[in-house]
Every structure is written in C-alpha cells, then in structure tokens.
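Engineer: can't give you the sequence, but here's the structure:
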C-alpha cells in the first residue's frame, strides 16, 4: 500500500509519523514537518504509537500540533518496530562483521511471519576476493525465489538496481549492527549525513549508531533507518508454523510420511532430510533450521501466554 499525499479538512490534517523522540512525534503533512504532542485522552490510554503511523493532527501554530487520531495500520514490523511499511530490505555484510547464516535466517523468518515483502542485500562485497563465477553467500536464496542484491558501497556497485526495488514503496532497512545500513543510506541519500560506526575488533560485531527509527522521504520512495541489534529472541514461537517460513522446505513437505506433523527432525520418511542427503538442500541451510527449531523448543510459551506467530 502506498500513501504519498495527505488530505486536510476543517483544520485537521492527515500525516505520517516519521520520528518519535522524548515524548514528541514528528509528523510529515503536506510537505511540512510538524512537532506534535498527544491529545490528553491518549496520555491516559497510553496507545502504542510507532514511527510510520498514519495520524490526524490539528495544527496549533506553524510548526507545532496535536495528534487527534491514530489511523488503522496496514502492516507492522515487530523488530525493528515500525508501522505501515511495504517492504523490508534485510541487510547483511560479507565481512566485518562476518556473515552469519543463523542470524540472517532468524531475521528472515520473522519478516516472513508478518507477511511482508523482503529484499536481501549483502554489503561490503569489495572485500569478496573469490572468482566472480564462484557461488556467493546469498546465491541459494536467489535460487529459491528471493530478490538478492550484492553491494559495494565504496564504488556504489549494485545501488541503481536496488533503487528500482525501492521505487514507490515504503521501505525499512533491517539487520544486525555494523553491516552497513547507515552507510547504505548515506549512498542512497547523499544530501543527509548519517552517523556511521565501526565494527568492534574485540567482539567482531557492529556498534549501534542509529538510536531511533526515522522515516525518510527521497525521490519516489520512503525508507526508514532503524537501530541494529546483535541477537534475536525466538521464544514464544509455534513449532508447526516455524517450519513454513523455510520456503524451500514447503514443496517437499507434502512428500513426508507424516505430512501435517513432520518437523523435519527425527521423523522417519522425511522428504526434507532426504533432499539434504541428496544435496538438493545445502547442509548449512538445514543446520540453520535445526538451530532455530531447538531454540523454539527450549523457549515454549508460558502458561496462559499467547503465541506470537
């Protein structure tokens, strides 16, 4: 869904929250940024207001206003938390920090669980020193149907093709700290300065440079920078649904001996395990699945706690 204009009626304007900070909400409406506070009744109810939310505001002076109404959302990404987006740009890096299949798949299944479109990007490909024809880390994902882009931010390699994916959509960058999300934004939007951090030599992970989610308007698309993080908690997931987010397993699941209940673990007659043994599914992909499966098993929902997915 795309929302590119705001309508006003009787002094009430529609807009989109582009940033929330210290109790203030910065709303873009009719090409202006209005600093807003919540109407008193909202303070009592304490609604969950997110960057990306569509709202109605009344303007008290030229650059200040009050949020009168929060409009229904058409999508929500839970981590990083942002509302009303069309597409997630999932970013990883080839090195510094090194690409981790386990972390990448954890991000990916959470995006798929929320039924959002996803584009996969690997940065720092200027460090890739293998022959061009050799298999790259994300080639398998491309083979099973994902959109994949390899980027070198130092020479802008791959940027034009990525921008075609962003066009006429509300996008959000997501991924671990240090993989180059802010650097990618700097290349996409050179007019704006972004704080860029370095990877810690001691722990091999990136430092958080983006502290707050912010939605940016540029060319014919919107894109959000969000805080990175180094781990994802998969507690409170549902075992049977988790396997469905490994899309390359789905076609083979119908051939499992126990079609509806097979978790592709220790069950006899599992078509997915047979595909791994035949080399049709890479071992690293199956090991990533097993790692996530075990984590979900070890963190079942508490009594009375609602499952997230």
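Structural biologist: That came through fine. The model shown is predicted, which means the values in this text are computed figures rather than measured ones.
Engineer: pLDDT on stretch 271-278, on average?
Structural biologist: Average pLDDT, stretch 271-278: 97.
Engineer: swap that for stretch 114-132, please
Structural biologist: Stretch 114-132 comes out at a mean pLDDT of 90.
Engineer: can you check stretch 36-44 too?
Structural biologist: Averaged over stretch 36-44, pLDDT sits at 81.
Engineer: sort out which residues of that stretch are buried, please.
Structural biologist: 36, 37, 38, 42 (16 or more other C-beta atoms under 10 Å). (Each C-beta comes from the backbone N, C-alpha and C, glycine too.)
Engineer: need those residues in TSV (columns: secondary structure).
Structural biologist: Shown next, in TSV, are those (DSSP: H, G, I helix; E, B strand; the rest coil):
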residue	secondary structure
36	strand
37	strand
38	strand
42	helix
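Engineer: return the set of buried residues in stretch 140-153.
Structural biologist: Buried, per 16+ other C-beta under 10 Å, within stretch 140-153: 140, 141, 146, 147, 148, 149, 150, 151, 152, 153.
Engineer: what about that stretch, how long is it end to end?
Structural biologist: End-to-end span of stretch 140-153 (C-alpha to C-alpha, to the nearest Å): 23 Å.
Engineer: same question for stretch 82-92.
Structural biologist: Using C-alpha to C-alpha, the two ends of stretch 82-92 sit 20 Å apart.
Engineer: just how off-centre is that stretch within its chain?
Structural biologist: 4 Å (C-alpha atoms, centre = their mean, to the nearest Å).
Engineer: same question for stretch 114-127.
Structural biologist: The answer for stretch 114-127 is 9 Å, by C-alpha atoms, centre = their mean.
Engineer: quick one on the thing from earlier: dump the buried residues of stretch 36-44 to a markdown table, plus distance to residue 105.
Structural biologist: As requested, the buried residues of stretch 36-44 are exported to a markdown table (distance: C-beta to C-beta, whole Å):
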| residue | distance to residue 105 |
| --- | --- |
| 36 | 39 |
| 37 | 41 |
| 38 | 38 |
| 42 | 38 |
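Engineer: nearest to residue 187 among the residues you listed?
Structural biologist: Proximity of those to residue 187 (C-beta to C-beta) peaks at residue 36, which lies at 31.2 Å.
Engineer: ok, what's across the strand from that closest one?
Structural biologist: residue 25, residue 65 (DSSP bridges).
Engineer: wait, it touches residue 60, no?
Structural biologist: No - assessed by C-beta atoms under 8 Å, residue 36 is found out of contact with residue 60, at 9.0 Å.
Engineer: spit out the residues that contact these two alike.
Structural biologist: Overlap of the contact sets of residue 36 and residue 60 (by C-beta atoms under 8 Å, 6 or more residues apart in numbering) consists of residue 66.
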